[in-house]
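Peer 1: Okay, sequence plus prediction incoming.
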Amino acid sequence: MLDIEQIEEDIFCAQHPPTRTKRLFGGQILAQALMGGIKTVGSDRSVHSLHGYFLRPGDPTVPAIIRVERTRDGGSFSARRILVTQRGEAIFSMDASFQVPEAGLNHQIAMPDLQPPLEAKIPKALFDAPFVTWRHEFRRLQSETPQPPEQFVWFKSTGHVPTDPALAACLLVYESDNVLLGTARLPHRGSFKREAMQVASLDHAMWFHRPVDLNQWLLYAIDTPSTSQARGYTRGHIFTEQGELVASTVQEGLIRLH
């Protein structure tokens, strides 16, 4: 899916999984749009932030067209504006920024005191997806009673990821769209029926702090400071097994009761 086809200068065509039958997964569109931006930036620059808006549901039966606008190329930063369309209508827009690696001040918040799961205890079926995920306190999370507004999820690629910073960034963006909105619903467990609720990502922002290796377990620490106006607001921090903070996310999504 990330091997997008260039059809004109700064215009690309993206395909979808044949198994997808309903609307497209937001993480897929995020990752493909970012890959379009990466293909227009020099190899000396890596993505450091992105801000995207989901405008319409994506149709898995129609290829997506990715148009990249080269907003600016400076001495150390490049900016790109990216629009994804289907049938001539915009389904997603993104602004992304890229930077030449630089040395400077360095600090981070502490990682929660949690350990990766033992793979031998994980059901084999969970390894069928692109990423295997493991939720801490998953038994408690199965309860239909109100839960604390936070969640801690370990995830790891189920196939080997080559050493390629661009590919790693896109795959991390893909997986970062998981779990966030589900966390915003936790404090309200028992007061709604999930099948009678409309849920969709509205916008997604991400910052890349340090290089990442997806061949190890990563911890996604998520909290939800507020849910109101039929929207859930969530934040996430992604740590390596060694405790390095590699990326942060913020997302707001639609949580509409019918």
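Peer 2: The structure has been received and is ready for your questions. Just so it is clear, the model here is predicted, and its values are computed rather than measured.

Peer 1: Name the surrounding residues that touch the lowest-mean-pLDDT helix or strand in the chain.
Peer 2: Lowest on mean pLDDT, DSSP states H and E among the helices and strands of the chain sits helix 138-141, with a mean of 72. Residues lying outside helix 138-141 but in contact with it, judged by Cβ atoms under 8 Å, 6 or more residues apart in numbering, are 135, 147, 151, 186. C-beta: built from backbone N, CA, C; applies to glycine.

Peer 1: ok now it, how far from the chain's centre?
Peer 2: Using Cα atoms, centre = their mean, to the nearest Å, we find the averaged C-alpha position of helix 138-141 to lie 23 Å away from the chain's own average C-alpha position.

Peer 1: Tell me the helix or strand right after it.
Peer 2: For helix 138-141, the following helix or strand on the C-terminal side (DSSP states H and E) is strand 150-157.

Peer 1: Identify the residue nearest the residue positioned nearest the centre of the chain in space, chain neighbours excluded?
Peer 2: Nearest to the mean C-alpha position of the chain, counting by Cα atoms, centre = their mean, stands residue 176 at 2.7 Å. Spatial nearest neighbour of residue 176, excluding adjacent residues (Cβ to Cβ, 6 or more residues apart in numbering): residue 249 at 5.0 Å.

Peer 1: and that neighbour, how many neighbours?
Peer 2: When neighbours are defined as other Cβ atoms under 10 Å, residue 249 has 21 of them.

Peer 1: how about it, what does it touch?
Peer 2: Shown here is residue 249, whose contacts under the criterion Cβ under 8 Å, 6+ apart are 176, 180, 204, 205, 206, 207, 234, 235, 236, 237, 238.

Peer 1: Lovely, talk soon.
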